[in-house]
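Visitor: Provide a 3D model corresponding to the input given below.
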Amino acid sequence: MTTRESTFVMIDLAGYTALTEHHGDLHAADLAVAFADLVRGCLRGEDRLIKTIGDAVLLAAARPSDGIQLVERVLDALGTLDRAPLTRTGLHHGEAVERDGDVFGTAVNVASRVAAHAQGGQVLATQSVVEAARHLGVPVTAQGSSMLKNLSEPYELFDLALGPDRHAGSVDPVCRMWIQRKKATGPQRFNGHEYWFCSTDCAEQFAAEPTRYIG
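Guide: Sure thing, here's the model as predicted:
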């Protein structure tokens, strides 16, 4: 058993449950495996993939700057794919216990809770990472202090502007996949907003009961 300081990164696929329901278990499983393989291809130097957890990956980097650059590589790689869900990402630097290839401790829990606090497409980090982000020229926006689930003290959270520009796409409100509009079905207008879809099936489900998906 050893302890080591690392920058822990949790990345999960937002809307994965909805995607599984509407596109099936096999598609969801294939997507989770492909996501893990994509992440492995983004590792550099001392970066480590600690484990996959269903639709999420837990990563560790030696330093905050390495963790930030790892996240940027993963998001850029995902940005080249069509019909992939948005991600929610959390970063935190701290000490953790390492045993049998796994990691344990508050630092790991904080990274996980920060990711859970993020919105789809958002990268959130704690104060422990922000200085490195600014040094790298990453735009940082303070989000204020937040209580995270099962943690006794609040944490100051910061939004890091990482990843590709998503303005050319939309999130399918039914299955929660991100889609390029030039390849999408739609749009449909509801309550003054436009909605785009990955398939005619999702478009038909939305048309039949729109408030089910955007309530």
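Visitor: Phe158 contacts Ser128, correct?
Guide: No - Phe158 is beyond contact range of Ser128, at 10.2 Å (criterion: Cβ atoms under 8 Å). C-beta: built from backbone N, CA, C; applies to glycine.
Visitor: between those two, which one's more packed in?
Guide: Taking neighbours as other Cβ atoms under 10 Å, Phe158 and Ser128 compare with Phe158 leading, 22 against 19.
Visitor: name the SS class of that one, please.
Guide: Per DSSP: H, G, I helix; E, B strand; the rest coil, the secondary structure class of Phe158 is strand.
Visitor: now do Leu151
Guide: Counting by three-state DSSP, the backbone at Leu151 sits in coil.
Visitor: any idea of the pLDDT on the residue lying closest to it once chain neighbours are set aside?
Guide: Spatial nearest neighbour of Leu151, chain neighbours left out: Arg113 (6.0 Å); criterion: Cβ to Cβ, 6 or more residues apart in numbering. pLDDT, the model's per-residue confidence, is 94 for Arg113.
Visitor: just give me the neighbour total for Arg113.
Guide: Counted with other Cβ under 10 Å, Arg113 comes out at 21.
Visitor: part of a helix, is it?
Guide: Yes - assigned with three-state DSSP, Arg113 falls within a helix.
Visitor: let me see the contact set for it.
Guide: 90, 148-151 (Cβ atoms under 8 Å, 6 or more residues apart in numbering).
Visitor: one more time with 7 Å
Guide: Counting by Cβ atoms under 7 Å, 6 or more residues apart in numbering, Arg113 touches 148-149, 151.
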